[in-house]
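In: model the following, please.
(one chain, ligands or ions: 1)
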Amino acid sequence: MQSRREIMRAFAAGVGLTAMPAAVLAEAPLLDPTPACDIAGAPTPTATTGPYFRPGSPERADVTEGRPGGTPLLIGGRTLDRNCRPIAGALVDLWQADDAGRYDTSGTYLRGHQYADDDGRWAFATIVPAPYRFRSMHIHFRVQRPGGPVLTTQLFFPGDPSQDRDPQFDPLLLLTPIRSGATRAGHFDFVLA
Ligand SMILES: [Fe+2]
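Out: Take a look at the predicted model:
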């Protein structure tokens, strides 16, 4: 199992990001300590919690529990305020379906939470989820600044054709994934009200 430090390092400087197009790199705050911010005043949209949230997920960065299967995915970004300033210590709680579109409803597979670092950075090692029923590929999040309200939302994957039948799909919640070998990396900054 990868440590949080290893995952953060891989996300920030290693897996995938070196292959990102220049236009994407320019938008990747993880690579720039003082990024330009064009999202001021617009908090991240909410999305439904759905039936599969379970409280009490483990605190960790690798939610795969060492199980084989699925396409590895590094997902990360920052937690920002509406002025694009990092929010240190924000809670980021993730839960998602596996590569067959199933949720672990009795254990903790593909579930976990962590707290953003001093620069507001967070990152998880997970796998690419499969769509299920009318739902397109998505990963659920609950994000909360210390002492603040909870933002419940979902992130989606560009190019997923099942978005056409997903009433919950929101293009404002698209990840920026890229492929690098067998691993994908996706970036998203949560902006909290
Ligand atoms: Fe879901």
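In: show me the beta-bridge partners of the closest residue to D119 other than its chain neighbours.
Out: Using Cβ to Cβ, 6 or more residues apart in numbering and skipping the chain neighbours, the partner closest in space to D119 is P86 (5.1 Å). In this view, the C-beta of every residue, glycine as well, is placed from N, C-alpha and C. Beta-bridge partners for P86, by DSSP bridges, are L80.
In: contacts only, for P86.
Out: 78-80, 116, 118-121 (Cβ atoms under 8 Å, 6 or more residues apart in numbering).
In: so how far is R121 from it?
Out: 8 Å (Cβ to Cβ, to the nearest Å).
In: what's the answer for T105, then?
Out: For T105 relative to R121 (Cβ to Cβ), the value is 30 Å.
In: of the two, who's got more company?
Out: R121 (21 against 9; other Cβ atoms under 10 Å).
In: Provide the secondary structure category for E6.
Out: Under DSSP: H, G, I helix; E, B strand; the rest coil, the three-state class of E6 is helix.
In: what's around it, how many residues?
Out: Residues near E6, counting by other Cβ under 10 Å: 15.
In: now do the one 4 residues further on
Out: When counting by other Cβ under 10 Å, one arrives at 19 neighbours for A10.
In: do you know how far the residue nearest to D119 is from A42?
Out: 17 Å.
In: related to what we said a few turns ago, what sits in contact with each of P86 and R121?
Out: R78.
In: from D98, how far out is E65?
Out: Taking Cβ to Cβ, one finds E65 at 11 Å from D98.
In: neighbour-wise, which of the two wins?
Out: D98 (20 against 15).
In: what's the distance between the more buried one and T46?
Out: Counting by Cβ to Cβ - D98 and T46 are separated by 24 Å.
In: for the contacts of P86, pick the one with the most neighbours.
Out: Counting neighbours by other Cβ under 10 Å, the top entry in those is T79, with 27 neighbours.
In: list the contacts of the nearest residue to it once chain neighbours are set aside.
Out: Nearest residue to T79, sequence neighbours excluded (Cβ to Cβ, 6+ apart): A90, at 3.8 Å. Contacts for A90 (Cβ under 8 Å, 6+ apart) come out as 79, 115-116, 120, 122, 143-146, 190, 192.
In: for T71, the count of nearby residues, please.
Out: 14.
In: residues contacting it?
Out: T71 neighbours (Cβ under 8 Å, 6+ apart): 99, 127-128, 182-184.
In: surely T126 meets I139?
Out: Yes: counting by Cβ atoms under 8 Å, T126 touches I139, with 7.5 Å between them.
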